[in-house]
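Asker: test case, fold it:
(chains A and B)
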Amino acid sequence: MTFDKKKFQSPYSFLFGNINLRTKTLLIIALVGLILITIVINSLFINLDNITTNFAIKNSQPSFQHPFGTDWMGRDMLSRTMKGLGLSVTIGALASILSVVISIFLGLLSTLGKYFDYTVNGLTDLFLSIPHILLIMLISISLGGGITGIVVGVSLTHWTSLTRLLRAEIKQINTSTYVKISKNFGKTKWWIAKHHLLPLLLPQIVVGTIIVFPHAIMHEASVTFLGFGLSPHEPAIGVILAESMKYLSNGAWWLAFFPGLSLLIIVLLFDVIGDNVQRLLDPTQANE
Amino acid sequence: MAKLKADKISFKYSGNNKLILKDLSISLKDNQVKGLVGESGSGKSTICKILAAYEDNFQGKIQVDGLSTNSKFNPIQLIFQHPEKTMNPKWKMKQSLEESWSADNDILEKFGIKESWLNRWPNELSGGELQRFSIIRALNPKTRFIIADEITTGLDAVTQVQIWQLLLSIAKERKMGILVVSHDKPLINEICDEVVYLNDINNV
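Answerer: Okay, here's the model as predicted:
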């Protein structure tokens, strides 16, 4: 039987041709990563003239000069959205890194003994039983809002699933024959954690970080939209969306449409990165 | 003269009230090849795991030269039937081997291990090839007793003979004791100085 290559072409072959899947995955990750980094860097160098009040051009519809239109104070919505997205990505990065650190710590803690395990499991159940939004709002308010409040709030609510995953993985690896043999060869717990556990857990940790990212961004936007997150002075997407609500009935659809769409695209981009990184790191999918 | 002595070992798996082993005593001298046979489920593998300190919820004593073994490197090394479970799947063979000791080329050559195998992953080698690695791993200079739990079951006859000849010659050279667990009667009869039937000494 001859191998029919045409049958196995991916739907994206018009984009990438017939290159190796691994190379393609790396290309996608690099491309999306580049877009996200560009957004962050771009947001730092936005011309402040564009977002200062200019009543001469207030409430103008999307045009070539202002692709996203302007708001009721004549500020360019494209610049505001870009600045908001940069802030969102930064907050997402901080929150997901912090939540993964918590996950790793609690995952390791749960394997130390029976009572540590009970405690971590109880905590996980407790945090899972309270709706995220509610908890984030409470934490954010108690910390006085702002970036600190949001970052701590999101990271304190998003460690649960990765903690469970890491706990299960560590348990499985610790009961494997090769770890028991390692102990028999006189290796210490610390040596085993560093050489056996960490390399095997790294894929889960990396994917876990990326998966929390879109959650963090969405929660940041929604909590800010509700008025419990970032202060109205910040150019956050949540603030933009909340403000635009007042002008939607006047027909200023562009105030909510473009920032909302951009946020959605950012979240989807992270989803794409997460999928591809998982494909790259998961050996069972690597050769598909 | 070194001696491994297990005295009155009783054992049951957690969550199960049935005693697997009851007051079992077994000993192994250096330079001795002892066979351990018994029916399936008679506790052969369990006593192997207990001897090599893979299970610690047992009653009784295990001593080497009258002392309990608490050194860092366990002088009693167990070789398993399935070598693929004993290798970290994300480690190359070289790393797995060096976890125990850096074996010299001499011993690698003796076991017919090719240089290129050292840079392969465990899933790229066959069961027989992996088993050679796990045997060499267990042959650390500090090892004094080898527990061989069905180590050549499932390998072809030529490989079986090769592996056993090598293992026995090295054991003789280093004055190690070997406990051989197998269902292969001809093999046991051929290589063992003494044969123990588990049903006789284990009075459950």
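Asker: burial check on the residue in the stretch 1-150 of chain A positioned nearest to chain B, number of neighbours?
Answerer: Minimum separation of the stretch 1-150 of chain A from chain B (Cβ to the nearest Cβ) falls at A:Lys114, amounting to 12.5 Å. For glycine as for every other residue, the C-beta is placed from the backbone atoms N, C-alpha and C. Residues lying near A:Lys114 (other Cβ atoms under 10 Å in any protein chain shown) number 8.
Asker: now it: how far from B:Asp7?
Answerer: 30 Å (Cβ to Cβ, to the nearest Å).
Asker: low-confidence stretches in chain B?
Answerer: Applying pLDDT under 70 to chain B flags the ranges B:1-2, B:69-71, B:200-204.
Asker: which bits of it sit near chain A?
Answerer: B:52-54, B:71-74, B:77-78, B:80, B:85-90, B:96, B:99-100, B:137, B:140 (Cβ under 8 Å from any Cβ of the partner chain).
Asker: which of these count as buried?
Answerer: Burial by neighbour count, 16 or more other Cβ atoms under 10 Å in any protein chain shown: within the residues of chain B next to chain A this picks out B:52-54, B:73-74, B:77-78, B:80, B:86-88, B:96, B:99-100, B:137, B:140.
Asker: how about the strands in chain B?
Answerer: B:3-11, B:21-29, B:33-37, B:58-64, B:67-68, B:76-79, B:145-149, B:177-181, B:194-197 (DSSP state E).
Asker: okay, angle between the fourth one and strand B:21-29 too, please.
Answerer: It refers to strand B:58-64. Angle between the axes of strand B:58-64 and strand B:21-29 is 0 degrees (criterion: axes from the mean of the first three to the mean of the last three Cα atoms, to 10 degrees).
Asker: where is the longest helix in chain B?
Answerer: Longest helix in chain B by number of residues (criterion: DSSP state H): helix B:157-174.
Asker: with just CA atoms, put it into CSV.
Answerer: Listed next in CSV are the C-alpha coordinates belonging to helix B:157-174 (Å, rounded to 0.1, in the frame of the first residue of the first chain):
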residue,chain,number,x,y,z
ALA,B,157,16.8,-18.7,25.0
VAL,B,158,20.1,-17.4,23.6
THR,B,159,19.8,-14.1,25.5
GLN,B,160,18.8,-15.9,28.7
VAL,B,161,21.9,-18.0,28.6
GLN,B,162,24.1,-15.0,27.8
ILE,B,163,22.7,-12.9,30.6
TRP,B,164,22.9,-15.7,33.2
GLN,B,165,26.4,-16.7,32.3
LEU,B,166,27.6,-13.1,32.7
LEU,B,167,25.7,-12.4,35.8
LEU,B,168,27.0,-15.6,37.5
SER,B,169,30.6,-15.0,36.5
ILE,B,170,30.5,-11.4,37.8
ALA,B,171,28.8,-12.6,41.0
LYS,B,172,31.5,-15.2,41.5
GLU,B,173,34.2,-12.6,40.8
ARG,B,174,32.8,-10.2,43.4
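Asker: how far away is B:Tyr13 from chain A?
Answerer: Counting by Cβ to the nearest Cβ, to the nearest Å, the separation of B:Tyr13 from chain A is 14 Å.
Asker: which residues touch the closest residue to that residue other than its chain neighbours?
Answerer: In space, B:Tyr13 comes closest to B:Ile20 once its chain neighbours are excluded; the distance is 6.6 Å by Cβ to Cβ, 6 or more residues apart in numbering or on different chains. Contacts for B:Ile20 (Cβ atoms under 8 Å, 6 or more residues apart in numbering or on different chains) come out as B:11-13, B:43, B:46, B:204.
Asker: distance to B:Gly177 added to those, as CSV?
Answerer: Listed next are these as CSV, based on distance: Cβ to Cβ, whole Å:
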residue, distance to B:Gly177
B:Phe11, 22
B:Lys12, 27
B:Tyr13, 27
B:Gly43, 20
B:Thr46, 19
B:Val204, 26
